[in-house]
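Asks: what follows is a protein structure lacking sequence information:
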């Protein structure tokens, strides 16, 4: 188990990649290489879960890690949640496993969610509305949300623009409209006891994200996907004040390394008393380990 008192931070946003590597017949290789160039990542192929764990262990940072089940919308093979859970169990001293289920799976997906939490150590769920091709407040997704809410674990949603497909022909089919954080306001009303995390500075909807997080007690924001040196002024202002207990450190590994994000965070205009909350305290409370 993770010694949360000893780790220096909790990265709430890292991605799991298949141990067998990218596939050559579904377009995933091209997507990953294009994204690596977009983010300036120093690798040709994303690291495996074991490699991720080794990196985070060396840096003394715990990490929430998840796949993205976008197979129906994109054709990219799904990284099986049970395989992710098994790999994370071998690295339970540093990794916190989340799963991902296409909400279009309805009751079948809800059944999988319950099993993953009850029997396989899954601590939350990741959604990427743009990659999965759905509006987060579509009632089609509600059976899955009900299972997550019953389990009492967080649901993390990509919000805002995405590096996925950026610069590729037609954006590689990615539709940005699905990731407006205002759709999560409906979820916060309908599932008031389910912790909801809005991932990333939600460009071009930053103020919408701040509004929802301020208005709804169960909504948080992770700060992944951007270097803190580029954060909008209003995001830093809210993080320093009324949302200081709602902000979470996240890198977006492997596209952004945690040490690179933390380096920029050290130089950004966050108040000294707020920094420990963002880096670890808020995440511990949200995960129920404080």
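Replies: Thanks, I have the structure now. As the structure is a computational prediction, the values presented were derived from the model and not from experiment.
Asks: please make it C-alpha for all contacts and neighbour counts, starting now.
Replies: Noted.
Asks: for this protein, give me the ranges with low pLDDT.
Replies: 18-39, 41-44, 165 (pLDDT under 70).
Asks: show me where the stretch 51-200 of the chain has its strands.
Replies: With DSSP state E, counting those that start in this stretch as the definition, the stretch 51-200 of the chain shows strands at residue ranges 61-66, 95-97, 125-127, 155-158, 196-199.
Asks: partners of the first one in the sheet?
Replies: Paired strands of strand 61-66, with direction, are strand 9-15 (parallel), strand 95-97 (parallel) (DSSP bridges).
Asks: what's in contact with the biggest helix by length in the chain?
Replies: Secondary structure of the chain read by DSSP state H shows that its longest helix is helix 106-120. For helix 106-120, the surrounding residues in contact (C-alpha atoms under 8 Å, 6 or more residues apart in numbering) are 81-82, 85-86, 99, 101-103, 122-124, 140-148, 151.
Asks: thinking again about what came up before, now the strands paired with strand 61-66 as JSON lines including distance to residue 177?
Replies: Below are the strands paired with strand 61-66 laid out as JSON lines (distance: least, C-alpha to C-alpha, whole Å):
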{"stretch": "strand 9-15", "distance to residue 177": "22"}
{"stretch": "strand 95-97", "distance to residue 177": "28"}
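Asks: any idea which of those strands gets closest to residue 50?
Replies: Among the strands paired with strand 61-66, strand 95-97 comes nearest to residue 50, with 9.8 Å by C-alpha to C-alpha.
Asks: off-centre distance for that closest one?
Replies: 12 Å (C-alpha atoms, centre = their mean, to the nearest Å).
Asks: tell me, how many residues neighbour residue 214?
Replies: Using other C-alpha atoms under 10 Å, residue 214 has 16 other residues around it.
Asks: again but with residue 289, I slipped
Replies: 12.
Asks: export the strands of the stretch 51-200 of the chain to a markdown table and tack on mean neighbour count and distance to residue 243?
Replies: Shown next, in a markdown table, are those (neighbours: other C-alpha atoms under 10 Å; distance: least, C-alpha to C-alpha, whole Å):
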| stretch | mean neighbour count | distance to residue 243 |
| --- | --- | --- |
| strand 61-66 | 26 | 21 |
| strand 95-97 | 27 | 24 |
| strand 125-127 | 24 | 22 |
| strand 155-158 | 23 | 17 |
| strand 196-199 | 27 | 13 |
